[in-house]
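> Build me a model:
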Amino acid sequence: MHGSRLFLALACSLAAHVAAAADLKVLSAGAFKPVLVALQPAFEQRTGHRLVIDNDTAGGLQKRVAAGEAFDVVFSSRDSLRAMSQAGRLASEPPTQVARVGIGIAVRKGAPLPDIGSVDAFRKLLMDARSVAYIDPAAGGSSGIYLDRLFEGWGIAPQVRAKAVLVPGGLVAARVVDGSADVGIHQISEILAVPDAVLVGPIPAEIQNYTVYAGAVAARTAQAAAARELLAALRSEQGVEILKMKGMEAP
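Down below sits the predicted model:
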């Protein structure tokens with residue numbers, strides 16, 4: 001009898017755990033996805049929740065959310081989250097800042113490392129390179145929009161655009177690995193995610209642009225508690241270590 005009661009208690013406990021576990025649909029801006037993927041195994045094992053991660057540019061996510069796509073939690077730039085909130089698609093609680101990342105320069109493995117130690121050296125690299133890959137500003141990627149404005153301000157936008165390999169989304173550094181471009185300019189976390197791409201370093205501090213990423217719970221989700229668990233995990237000691245490993249910084 002005692003054994004039956006123990007079995008029943010264990011069965012009830014397991015059933016409660018299964019009931020509490022959730023499938024979380026996670027929308028993520030591309031640069032933040034490597035962090036989520038690295039955190040995923042430990043988070044899923046500890047909580048029982050399962051992450052279903054889908055990524056896009058910040059602008060792409062903004063359009064998808066505005067169009068009514070269902071999700072549980074979203075990670076993106078502060079500007080795009082602000083637009084989602086104004087559209088009534090996010091919970092009333094403020095977004096949780098989770099990371100910031102700067103822009104870096106990539107070349108393929110084995111290529112000479114260019115001088116990027118000053119603004120003048122970086123500008124010379126842009127002018128001398130046969131081809132330069134970066135995110136297409138029209139796709140809504142944070143780094144592409146910033147770089148396009150920077151080139152405009154320098155008065156070299158026509159020259160750079162003439163040799164640009166514009167990437168609609170995804171990993172810009174893949175274009176230097178496959179030989180499509182001599183130089184790639186992208187978020188540091190996304191450069192590190194490409195095998196055989198070499199991070200030369202960040203662009204000079206005087207012109208560096210950090211994108212701050214934050215996470216927000218959807219206004220209409222049955223998994224708000226699980227979404228908040230994920231936000232908390234990213235601010236934990238383990239989460240901060242993963243940020244550093246993936247080329248990001250704590251906010």
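
> Need the phi and psi values for Leu166.
Leu166 adopts backbone torsions of phi -90, psi 120, taken as degrees, to the nearest 10.

> In contact with it, which residues are there?
133-136, 138, 144 (Cβ atoms under 8 Å, 6 or more residues apart in numbering). In short, each C-beta sits where N, CA and C put it, glycine included.

> Then Lys63?
Neighbours of Lys63 in contact, by Cβ under 8 Å, 6+ apart: Gly140.

> so where do the helices sit in the stretch 101-250 of the chain?
Along the stretch 101-250 of the chain, counting by DSSP state H, counting those that start in this stretch, helices occupy 119-128, 142-154, 157-163, 174-177, 188-192, 224-234, 237-245.

> Any buried residues in the third one, and which?
Yep, that's helix 157-163 we're talking about. By 16 or more other Cβ atoms under 10 Å, the buried positions in helix 157-163 come out as 157, 160, 163.

> Give me the helices and strands touching that helix, please.
If contacts are counted by 3 or more Cβ pairs under 8 Å, 6 or more residues apart in numbering; DSSP states H and E, helix 157-163 sits against helix 119-128, helix 142-154.

> How far away from the center of its chain is the longest one?
Okay, so that is helix 142-154. 19 Å (Cα atoms, centre = their mean, to the nearest Å).

> May I see the buried residues of it?
Under 16+ other Cβ under 10 Å, the buried positions of helix 142-154 are 142-148, 150-151.

> And the residues you listed, which is closest to Gly169?
Gly144 (9.6 Å; Cβ to Cβ).

> what's across from the closest residue to that closest one other than its chain neighbours in the sheet?
Excluding the flanking residues, the one nearest Gly144 by Cβ to Cβ, 6 or more residues apart in numbering is Ile135, at 3.2 Å. Note on Ile135: beta-bridge partners Val167, judged by DSSP bridges.

> Just want to check the distance between Ile135 and Pro94.
Look at Ile135 and Pro94: by Cβ to Cβ, to the nearest Å, they are 27 Å apart.

> so which of the helices and strands packed on helix 157-163 gets nearest Ala225?
helix 142-154 (29.8 Å).

> what's the average pLDDT for that closest one?
Summarised as a single mean, pLDDT over helix 142-154 is 95.

> Tell me how far Pro94 lies from Leu231.
11 Å.

> wait, I meant Gln238
14 Å.

> Comparing these two, which residue is more hemmed in?
Ranked by neighbour count (other Cβ atoms under 10 Å), Gln238 and Leu231 place Leu231 first, with 20 against 15.
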